[in-house]
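Student: Using only what follows, build the 3D model:
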Amino acid sequence: MTRPPHLDLRLVAVVAVGGAVGTTARWAVAETVGASPSGWPTATFVVNLLGSFLLGALLEALLRRGSESRRGRLVRLGAGTGVLGGFTTFSSLALEMERLIAAGQVTMSLLYGVLSVVLGLLACIAGVVLASRHHRWRAR
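Tutor: This is a model prediction of the structure:
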């Protein structure tokens, strides 16, 4: 009898290592982008949109490969849950929205929240479409 994935320490380690890679990448983007003079949380906005796009592309690519193999599970958990889960940061989105509200920038906070969710969904869909087209192109 096999263990459920959440009790398999090897899979948990894959997610943990991926998460460390993702959070390090998020930190690097934040350091590169820096703070916006307007108060707009640019770094978090960028990582969440990019991460949404990459997650959509990754999951579509894995889905197109057929039934999940052991290797596919490792990629999904390591790259998807780990790296991209650590890279994206919707908890920071919530904190930054609260900080904008506390600074009296309620409209910017609402705009930031709505754009993050709507554009994140569109970025994810774009990743799915791109991966799907890539799969069809490779099949020819």
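Student: where along this structure do the helices fall?
Tutor: Assigned by DSSP state H, the chain shows helices spanning 9-33, 42-64, 70-75, 85-87, 90-102, 106-139.
Student: Please convert the ones you listed to CSV, extending it with mean pLDDT.
Tutor: Converted to CSV, the helices of the chain look like this (pLDDT from 0 to 100):
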stretch, mean pLDDT
helix 9-33, 95
helix 42-64, 96
helix 70-75, 93
helix 85-87, 96
helix 90-102, 95
helix 106-139, 95
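Student: what about G85, neighbour count?
Tutor: Burial of G85 is recorded as 18 neighbouring residues (other Cβ atoms under 10 Å). C-beta: built from backbone N, CA, C; applies to glycine.
Student: Pretty sure it sits against A20.
Tutor: No. The pair G85 and A20 does not pass the contact test of Cβ atoms under 8 Å, sitting 11.1 Å apart.
Student: For the closest residue to C124 other than its chain neighbours, give its distance to R70.
Tutor: Of all residues not flanking C124 in the chain, G56 sits nearest, at 3.7 Å (Cβ to Cβ, 6 or more residues apart in numbering). Applying Cβ to Cβ, to the nearest Å, one obtains 23 Å for the distance of G56 from R70.
Student: Right, I'll leave it there.
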